[in-house]
Every structure is written in structure tokens, then in C-alpha cells.
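> just the structure for this:
(one chain, ligands or ions: 1)
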Amino acid sequence: MPEYKVFYFNVKALGEPLRFLLSYGNLPFEDVRISRNDWPALKPTMPMGQMPVLEVDGKRVHQSLAMCRYIAKQIGVAGKDAFEDLQIDALVDTINEFRLKIAIVSYEPDDAVKEKKMITLTQEVIPFYLTKMNVVAKENGGHLVLNRTTWADIYFAGIIDYLNYLTKLDLLENFPNLRQVVDNVLSNENIQKYIAQRPVTEV
Ligand SMILES: N[C@@H](CCC(=O)N[C@@H](CS)C(=O)NCC(=O)O)C(=O)O
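Coordinates of the predicted model:
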């Protein structure tokens, strides 16, 4: 089995889906959490000067979605053929697109602009994505795609805390089928073991 290390800041955010996937598949990994003070020295050693980074037997790779897809294949939660992979990827890309739309408003530095953008975000963008995905989750029996647990479910369960943090909302409050997707993942014994021992962080 390869030796895995996950390098990221001491936050959930983009690193948590990867940590979830490794945990779900019971693949041992070193959970390396870099402090903001240590980051400047380490930044030049990372492929694109960013994290998360996955180290596989000493080789470092970047891009959280690519890493998640790679681990998903190792642990049997990817598609069974190219078309299934396409369906999973479409869902994951949708979640990531949703995240980016939230992030761009949440990190807007101009308060007046932010306030204006927040109205569109909360009244249009968020309900649009969540309503659509909630219907999809219902059609797929509490999963996001293919009527079974795929890495799309695990990715979503791993990123939802960050989305709640960014929006300062409980995004799944009125979307029971999406809540079911997350609960299904969180009920997994290996995920519970990981959560019980991970550092407590606000983000
Ligand atoms: N598309 C990349 C984004 C990576 C990214 O934005 N990383 C940020 C933290 S979430 C980072 O490393 N920031 C520190 C820096 O750029 O110095 C991914 O999904 O992995």
C-alpha cells in the first residue's frame, strides 16, 4: 500500500473531502496540518505553491478534485465505467461550482458590494442549486448519483461544513434528501473514527 500524506492548513475546507475519502476507504495517511507561520517556508516546496497536496510515496500532487478522484478509484467509490464516471464528475463539478459562487461573495472585500451580491446569492443562487440537488438526491435514494455511495456523496459530506461556515447558514435545513446524503456518509464507521480524533477547528 502506498504511503499517503495530506498537507493542508489546520482547517476542513478543501482538505476535508480528501481526508474523508482516505478515512472512508480505511487507507492510513499522515494528516499534516501546516500553521500559517510555517507556510511561507513550505510554499515553494508545493507543486503550485498551494495546498491541499497529497504525497504518495514521496511524490507530491496538487488539485483537490483530482486527488479525491484518484483515492475514490482506490477505494471502490468511483464509477464502474466511463459513463458512470462522467455522471459522478458532473455532480462533483456542480458542487464545486456552487462552492466557488459562495466563495466569491464570502471573500468579497468591499462591504457594500458584498451586501448586494449576498442578496442574489441567498435569494437565487443557493436555493437554485440546493433545490435541484435535493430532487436529485431523492431520485437516487439518498445519494447524489447512481443510487449508491460514490465519491460525490463523500465529497459533499466533506465540504458542507465549509459551505455552512462561508454562508453563515445551515444550508441543508430545508433539504432533507441532501441531509440524508450527508448522514449516510457520516454514519460510516471509518468516517466516525476519523471525526472522533480530528482536531477541532472552526472552519
Ligand atoms: N484548485 C485548488 C485550490 C487550492 C487553494 O486555493 N489553496 C489555498 C487554500 S484553500 C492555498 O493554498 N492558499 C495559500 C496560498 O496560496 O499561499 C484545489 O482545489 O486544490
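> just the element for the nearest residue to F20 once chain neighbours are set aside, please.
With sequence-adjacent residues excluded and distances taken as Cβ to Cβ, 6 or more residues apart in numbering, F20 is closest to G158, at 3.9 Å. Yep, even glycine has a C-beta here, placed from its N, CA and C like the rest. Using DSSP states H and E, the element containing G158 is helix 151-167.
> quick one: average confidence on the top helix by length along the chain?
Taking DSSP state H as the criterion, the chain has its longest helix at helix 82-106. Helix 82-106 carries an average pLDDT of 98.
> could you give the angle of it to helix 151-167?
0 degrees (axes from the mean of the first three to the mean of the last three Cα atoms, to 10 degrees).
> helix 82-106 packs against which elements?
In this structure, helix 82-106 makes packing contacts with helix 64-75, helix 111-120, helix 126-139, helix 151-167, judged by 3 or more Cβ pairs under 8 Å, 6 or more residues apart in numbering; DSSP states H and E.
> can you say which of these is packed in most?
helix 151-167 (a mean of 23; mean count of other Cβ atoms under 10 Å).
> relative orientation of that one and helix 111-120 in degrees?
Using the same axes, to 10 degrees: helix 151-167 against helix 111-120 is 140 degrees.
> buried residues in the helix or strand that comes right after helix 151-167?
Moving toward the C-terminus from helix 151-167, the first helix or strand encountered (DSSP H and E) is helix 176-186. By neighbour count with 16 or more other Cβ atoms under 10 Å, helix 176-186 contains the buried residues N177, L178, R179, Q180, V181, V182, N184, V185.
> identify the residues contacting the second one.
Contacts of L178 were listed using Cβ atoms under 8 Å, 6 or more residues apart in numbering, and they are L130, M133, N134, A137, F156, L172.
> and the last one, how close does it get to the ligand?
It stands for L172. 22 Å (Cβ to the nearest ligand atom, to the nearest Å).
> for that residue, which non-adjacent residue is spatially closest?
R179 is the one closest to L172 (Cβ to Cβ, 6+ apart), at 4.5 Å.
> tabulate the buried residues of helix 176-186 (JSON lines), appending pLDDT and distance to N37.
Compiled in JSON lines, the buried residues of helix 176-186 are given as follows (pLDDT from 0 to 100; distance: Cβ to Cβ, whole Å):
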{"residue": "N177", "pLDDT": "98", "distance to N37": "43"}
{"residue": "L178", "pLDDT": "98", "distance to N37": "37"}
{"residue": "R179", "pLDDT": "98", "distance to N37": "38"}
{"residue": "Q180", "pLDDT": "98", "distance to N37": "41"}
{"residue": "V181", "pLDDT": "98", "distance to N37": "37"}
{"residue": "V182", "pLDDT": "98", "distance to N37": "33"}
{"residue": "N184", "pLDDT": "98", "distance to N37": "38"}
{"residue": "V185", "pLDDT": "98", "distance to N37": "33"}
